[in-house]
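*Asks:* Could you look at this predicted model? Sequence included:
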Amino acid sequence: MNEEIIAVKQLHKQYQESQASGVNNISFAINKGEIVAIIGESGSGKSTLLKCMYGLLKPDSGEVVFNGKRVKGPDEQLIPGHAEMKMVTQDFSLNIYAKVYDNIAAMLPNTNVAAKEAKTLQMMEHLHISHLKNKKITELSGGEQQRVAIAKALVSDTQVLLLDEPFSQVDSLLKNQLRADIKRLAKEMGITVVLVSHDPTDGLFLADRLLILRQGELLQNDSPEQVYQHPTALYTARILGNAVILNREEALQLGLKTDKAQIAFYPEWVELKNTWNSRRFEVKEVYYKGFFDELLLERNGVQIRALQLNSGEHQKNDHIQANIGRFLEF
Ligand SMILES: Nc1ncnc2c1ncn2[C@@H]1O[C@H](COP(=O)(O)OP(=O)(O)OP(=O)(O)O)[C@@H](O)[C@H]1O
């Protein structure tokens, strides 16, 4: 059965200095063990939401409830933050003069020295940083520091891990490994993870649930599949899948009728085949993407993008048949 661990209730936070509200009357709940990704453009309120959840920011109204108790604001406690949650921010908050091992071990009590050492070593193994044990933080790459920060956050029986842009410092290969590690650890250890990112692939790859934020508003709260396949706003389709967006007149040029102002579709929804309803397009550009090409196609002055899985099959200036198999209306 799903057990609720965090409830965000009509949370509202507006900064005095700024016109836009940080977050605007947001409500949602998170179950124990879930991985939730909060996705939105820069300035959409992701960090504000995370800080309110952790108790670093006091909301103007509404509340965050953790295990049945209201999360206190920074003015209500000696050390702002929450004892049973850990937040890893982009600056990692590591002791740069101490060794990796000591940074992590410092989170554990000295009551049982053997257990402290065993736990620290195990957590380092989990995050593939055992070989860095005696290195100083200043000797590590950004990605390595990130792993240490996560190990440090998880070593002390943390229930909830809050990650602010967790993969911003790592290259794409390491990013995939770190994402997979976080997912595995969260599921193995039963930890609840809330991460905020402007990169939608973080959420699509990792999360059980996506929350889409735009200008402080919660637009959608659903599984990654549902949000990707059935975005309720154009904004969501645009940030999640780099969707092609056409206005009604442009759509009509391609034989697509709509009563709405705009349509959107992902490049992978364009079928490159000759069917009764396909249309003739000119290939304007071919962008090599490794195991596939992205094609820029044009018909009647309207440009769209499509994926070509058989890399090199169609070339620039070719005329090909394409059918937009599915589109969304907004
Ligand atoms: N301390 C502050 N004072 C005034 N305005 C702020 C402050 N912090 C954030 N804001 C404003 O609140 C809005 C939301 O900011 P927030 O940092 O939560 O967004 P974000 O989605 O995390 O952005 P990013 O991805 O760039 O970190 C923005 O318009 C921002 O300018």
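*Replies:* Sure thing, it's come through. Numbering: from 1, shown residues only.
*Asks:* Flag every buried residue along stretch 278-293.
*Replies:* S278, R279, F281, V283, V286, D293 (16 or more other C-beta atoms under 10 Å). The way it works is simple: take the backbone N, C-alpha and C, and place the C-beta from them, glycine included.
*Asks:* Give me the mean pLDDT for that stretch.
*Replies:* Across stretch 278-293, the average pLDDT comes to 95.
*Asks:* quick one: contacts of it?
*Replies:* In this structure, residues lying in contact with stretch 278-293 by C-beta atoms under 8 Å, 6 or more residues apart in numbering are 254-255, 271, 294-299, 303-304, 307-309, 311-312, 314-323.
*Asks:* CA atoms of it as PDB?
*Replies:* Below are the C-alpha coordinates for stretch 278-293, written out as PDB (Å, rounded to 0.1, in the frame of the first residue of the first chain):
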ATOM      1  CA  SER A 278       1.500  10.900 -46.200                       C
ATOM      2  CA  ARG A 279       2.700  14.100 -47.900                       C
ATOM      3  CA  ARG A 280       5.700  15.100 -49.900                       C
ATOM      4  CA  PHE A 281       8.500  17.000 -48.100                       C
ATOM      5  CA  GLU A 282      11.900  18.200 -49.100                       C
ATOM      6  CA  VAL A 283      14.800  17.300 -46.900                       C
ATOM      7  CA  LYS A 284      16.400  20.700 -46.000                       C
ATOM      8  CA  GLU A 285      19.000  19.400 -43.600                       C
ATOM      9  CA  VAL A 286      20.300  16.100 -42.100                       C
ATOM     10  CA  TYR A 287      21.700  16.300 -38.600                       C
ATOM     11  CA  TYR A 288      23.800  13.300 -37.700                       C
ATOM     12  CA  LYS A 289      23.000  12.200 -34.100                       C
ATOM     13  CA  GLY A 290      24.900   8.900 -33.900                       C
ATOM     14  CA  PHE A 291      22.600   6.000 -34.200                       C
ATOM     15  CA  PHE A 292      19.900   8.200 -35.900                       C
ATOM     16  CA  ASP A 293      19.600  11.300 -37.900                       C
END
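*Asks:* next one: that stretch to chain centre, how far?
*Replies:* 28 Å (C-alpha atoms, centre = their mean, to the nearest Å).
*Asks:* chain center to the longest helix anywhere in the chain, what's the gap?
*Replies:* Taking DSSP state H as the criterion, the chain has its longest helix at helix 172-189. Relative to its chain's centre, helix 172-189 lies at 13 Å (C-alpha atoms, centre = their mean).
*Asks:* quick revisit: pipe the buried residues of stretch 278-293 into CSV and attach distance to G142 and secondary structure per row.
*Replies:* Output for the buried residues of stretch 278-293, formatted as CSV (distance: C-beta to C-beta, whole Å; DSSP: H, G, I helix; E, B strand; the rest coil):
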residue, distance to G142, secondary structure
S278, 47, coil
R279, 47, strand
F281, 43, strand
V283, 40, strand
V286, 34, strand
D293, 32, strand
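*Asks:* Among those residues, which one lies nearest to M124?
*Replies:* Relative to M124, the closest of these is D293; by C-beta to C-beta it sits at 42.1 Å.
*Asks:* Could you pull out the buried residues of the longest helix of the chain?
*Replies:* Applying 16+ other C-beta under 10 Å to helix 172-189 flags L174, K175, L178, R179, I182, K183, L185, A186 as buried.
*Asks:* Check the gap between E34 and the ligand for me.
*Replies:* Taking C-beta to the nearest ligand atom, to the nearest Å as the measure, E34 falls 21 Å from the ligand.
*Asks:* Quick check: residues of the protein near the ligand?
*Replies:* For the chain, the residues in contact with the ligand (C-beta under 6 Å from any ligand atom) are 15, 17-18, 20, 22, 40, 42-48, 198.
*Asks:* Now, of these, which are buried?
*Replies:* G22, G40, G43, S44, G45, K46, S47, T48.
*Asks:* Among those, which pair sits farthest apart?
*Replies:* Every pair of these checked by C-beta to C-beta; the farthest is G22 and G40, at 11.8 Å.
*Asks:* what's whatever residue of the stretch 51-200 of the chain ends up closest to the ligand in contact with, if anything?
*Replies:* For the stretch 51-200 of the chain and the ligand, the shortest gap (C-beta to the nearest ligand atom) falls at H198, measuring 4.9 Å. By C-beta under 8 Å, 6+ apart, the residues touching H198 are I39, G40, E41, S42, K46, E165.
*Asks:* Now the last one: closest residue in space that isn't a chain neighbour?
*Replies:* Spatial nearest neighbour of E165, chain neighbours left out: Q90 (5.3 Å); criterion: C-beta to C-beta, 6 or more residues apart in numbering.
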